[in-house]
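Chemist: One predicted model, sequence on top.
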Amino acid sequence: MLAIETHALTRRFATGHGVEALDLAVPAGSVYGFLGPNGAGKTTTIRLLLGLLRPDGGQIRLFGQPLTRQAREPLRAVGSMVESPSLYPHLSGYENLEVTRRLLDLPPRRIDEVLRIVDLERDAHRRVRVYSLGMRQRLGIALALLGDPRLLILDEPSNGLDPAGIVELRALLRRMAGELGITVFVSSHLLAEVEQMASHVGVLHQGRLRFQGTPGELRDRYGDPLVIRCTDGDAVCTGLAELGELAQRVDPTTVRVPMPQRPDHEINRWLVTQGHEVHALGRSPRSLETLFFEMTGRDAA
Amino acid sequence: MSALGRALAAEQVKLRHSLAAWMVVLAPMLVVLLSVLQISLSRLHGPSSLSGQEAWLRFASGLFVLWVFLMLPLFVTLQAALLANMEHGPQTWKHLLALPLPRWSHYAAKLFVLAAMVVMATALLALATPLAGWVIMHTQPAFGIAGPAPWRWLAVHASACVAAAGLMIALQAWVAIRWQSFTTSVFVGVAGTVAGFLIGQSARFGPWFPWSMPVQVLARQSNHLMQVVVVGSLGGLLMAGLGLWHFDRSEAG
């Protein structure tokens, strides 16, 4: 069962930005990290998924039900937070939730339940204008959870949070997916964040989906680089080039082979028989971040 | 509960601790207070030649002229801008419009609240008029107010003012919701009020200009009373329909 399914979803803007032929497949129960540099089209995609923008083409299905301008019923299963939390600063946290509770015609106990989930019970009756950024973010998530959604769509939820806030948010989102069984679709440019909680990732670049699958599949596709620690990096690089391997000198004593053509032990044996001093040789697992930068053609630095 | 009912219930919460809610009381009370002070502090030469009932009508008309010429259009302008800015300011449209409610329900609720505020403020003005007259009876007996308050006149003219303001209310709500800028909304309202101040004095154009239609209710020859009541209310309904249609089709709030 797919929580989100889009087919050829397209939306173009006069500025040249937008998204092109997106085929998203977000499995129900997953934590889906939607990655992309700023301006890649993440927020546009999210606005399309929430019916805030009209697509130029393509279809959207939420839990199998088509979402159109007229058919907004599938949104009943969705809780969302787009960019910053949508809060009324002159009202208390409780009153902010009360606005949405009335709109969704929910029982009053739901407010207490979501306040407990985001741990805001103590501050519920303080005005939102005195809330810290982290508290606002948690209240925004409480708002998204109020309608007891099966799918949570969050756009850059860790924006502006300090490291402690980010850890808190990560734990909260893990709990959503784990204990509450909610599908979490979270966009981010904080790749390390997504890596720690996502079961699935989608990489968007210049409006197109470059990859979609599990982080494991992503690594399998690109492989892990072979890292060789040696006495003379330059000589090893030259030697490997003769062997037909594309090697990069990282520093005077470290050489990296991003996509080795031969098994590691063969490369090792060849280097030793050629008289190179090899101190260590092994695979270095790529972080999602490295893969992301390779896919989007940007420097990690 | 219907979608509109739910949206109205939500608007009720949003109005808590807001200036918009206080304005419903403050605006008519300011008009009453200023009128009472002006009459009480003025030096009249001898007792009025008007009968008690005529003095009552003179006083009530004065209050209502101040209301429809200046305070009502400015009140509608500010209230529309405040109600819309509750969503524009903290960017809450993106939350509201992603909920499984028809988009038009949010617009309709704002419009309904604005109209209800005008009804309440005008009703408060009508209810406070007899009280103010009673104060003047004591502070300025020479003004001549005597006998019972003109309840019928107050009820008819207050209702007519509200009906004639229908088009202005619907226009101002559309402007405030359509444009995110508080300044744009306030500028349109202030420009309409100033223009209405001049146009309202013209028997030819006054009955057709949205910001001066309520003024015609109090014109000396009330030939245009029915016209402005019908055009104001029907025009208001038509403009409300257009605004709802436009909002429903637009991408963001």
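Modeler: Looks like it arrived, so ask away. Source: prediction; values computed, not measured. Residues are numbered from 1 along each chain as shown, chains lettered A, B, ... in the order given.

Chemist: List the residues that contact the residue in chain B that chain A sits nearest to.
Modeler: Using Cβ to the nearest Cβ, the single residue of chain B nearest to chain A is residue B:95, 3.4 Å away. Heads up, the C-betas are built off the backbone N, CA and C, glycines and all. With contact set as Cβ atoms under 8 Å, 6 or more residues apart in numbering or on different chains, residue B:95 has these partners: A:80, A:81, A:82, A:86, A:100, A:143.

Chemist: Out of these, which comes closest to chain B?
Modeler: When these are ranked by distance to chain B (Cβ to the nearest Cβ), residue A:86 comes first, at 3.4 Å.

Chemist: That closest one touches residue B:97, doesn't it?
Modeler: No: taking Cβ atoms under 8 Å as the contact criterion, residue A:86 and residue B:97 are not neighbours in contact, 10.1 Å apart.

Chemist: Least confident secondary structure element in chain A?
Modeler: Least confident helix or strand, chain A: helix A:288-296 with a mean of 68, by mean pLDDT, DSSP states H and E.

Chemist: Chain B: helices as residue ranges?
Modeler: For chain B, the helices identified by DSSP state H occupy B:3-14, B:19-41, B:52-66, B:72-88, B:93-96, B:103-139, B:151-164, B:166-178, B:182-199, B:213-216, B:225-249, in order along the chain.

Chemist: Likewise for chain A?
Modeler: For chain A, applying DSSP H gives helices covering A:42-49, A:93-104, A:109-117, A:133-145, A:163-178, A:191-197, A:215-222, A:233-243, A:264-273, A:288-296.

Chemist: Tell me which of those helices sits nearest to chain B.
Modeler: Between chain B and the helices of chain A, the shortest separation by Cβ to the nearest Cβ is 4.2 Å, and it involves helix A:93-104.

Chemist: Would you agree residue A:207 is in contact with residue A:39?
Modeler: No: under the contact definition of Cβ under 8 Å, residue A:207 does not touch residue A:39, with a separation of 9.2 Å.

Chemist: which neighbours do the two share?
Modeler: Counting by Cβ under 8 Å, 6+ apart, the shared contacts of residue A:207 and residue A:39 are residue A:17.

Chemist: With neighbour numbers in mind, choose between the two.
Modeler: residue A:207 (22 against 13; other Cβ atoms under 10 Å in any protein chain shown).

Chemist: and chain A, which of its residues are near chain B?
Modeler: Contact residues (Cβ under 8 Å from any Cβ of the partner chain) of chain A with chain B: A:47, A:50-54, A:72-76, A:78, A:80-84, A:86-91, A:95, A:98-100, A:102-105, A:127, A:143, A:147.

Chemist: ok, of those, which come out buried?
Modeler: For the residues of chain A next to chain B, a neighbour count by 16 or more other Cβ atoms under 10 Å in any protein chain shown gives the buried set as A:47, A:50-53, A:72, A:74-76, A:78, A:80-84, A:86-88, A:90-91, A:95, A:98-100, A:102-104, A:127, A:143, A:147.

Chemist: residues touching the residue of chain B most remote from its centre, list them.
Modeler: For chain B, the C-alpha lying farthest from the average C-alpha position belongs to residue B:46; by Cα atoms, centre = their mean, that distance is 36.1 Å. With contacts defined as Cβ under 8 Å, 6+ apart, the neighbours of residue B:46 are residue B:142.

Chemist: Can you give me the domain assignment for chain A?
Modeler: For chain A, the structural domains run A:2-220, A:225-284, going by automatic domain parsing.

Chemist: Quickly compare those domains and say which is most buried.
Modeler: Each of the domains of chain A was scored by mean neighbour count; the highest is domain A:2-220, a mean of 19, by mean count of other Cβ atoms under 10 Å in any protein chain shown.

Chemist: what about that domain, start to end distance?
Modeler: The stretch domain A:2-220 measures 23 Å between its terminal residues, going by Cα to Cα, to the nearest Å.

Chemist: so how far is it off the chain centroid?
Modeler: Taking the mean of its C-alpha atoms, domain A:2-220 sits 11 Å from the chain's own mean (Cα atoms, centre = their mean, to the nearest Å).

Chemist: cool, and stretch B:16-31?
Modeler: Chain-centre distance of stretch B:16-31: 12 Å, with Cα atoms, centre = their mean.

Chemist: can that stretch be found next to chain A?
Modeler: Yes: judged by Cβ under 8 Å from any Cβ, stretch B:16-31 comes into contact with chain A at B:16, B:17, B:18.

Chemist: Output the residues you listed as TSV; include the columns pLDDT and neighbour count.
Modeler: Shown next, in TSV, are the residues of stretch B:16-31 next to chain A (pLDDT from 0 to 100; neighbours: other Cβ atoms under 10 Å in any protein chain shown):
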residue	pLDDT	neighbour count
B:16	94	14
B:17	91	13
B:18	91	15
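
Chemist: from those residues, which single one is nearest residue B:149?
Modeler: When those are ranked by distance to residue B:149 (Cβ to Cβ), residue B:18 comes first, at 32.3 Å.

Chemist: Do you know the pLDDT at the closest residue to that closest one other than its chain neighbours?
Modeler: Counting by Cβ to Cβ, 6 or more residues apart in numbering or on different chains, the nearest residue to residue B:18 once its immediate chain neighbours are dropped is residue A:90, at 6.0 Å. Model confidence at residue A:90, given as pLDDT, is 94.

Chemist: right, and residue A:90 touches residue A:99 too?
Modeler: No: in this structure residue A:90 lies outside contact range of residue A:99 using Cβ under 8 Å: 11.6 Å.

Chemist: contacting residues around residue 230?
Modeler: Answering for chain A, as no chain was given. Applying Cβ under 8 Å, 6+ apart, the residues contacting residue A:230 are A:236, A:253, A:254, A:255, A:271, A:276, A:277, A:278, A:279.

Chemist: Would you agree the first one is in contact with residue A:276?
Modeler: By that I understand residue A:236. Yes: under the contact definition of Cβ under 8 Å, residue A:236 touches residue A:276, with a separation of 5.4 Å.
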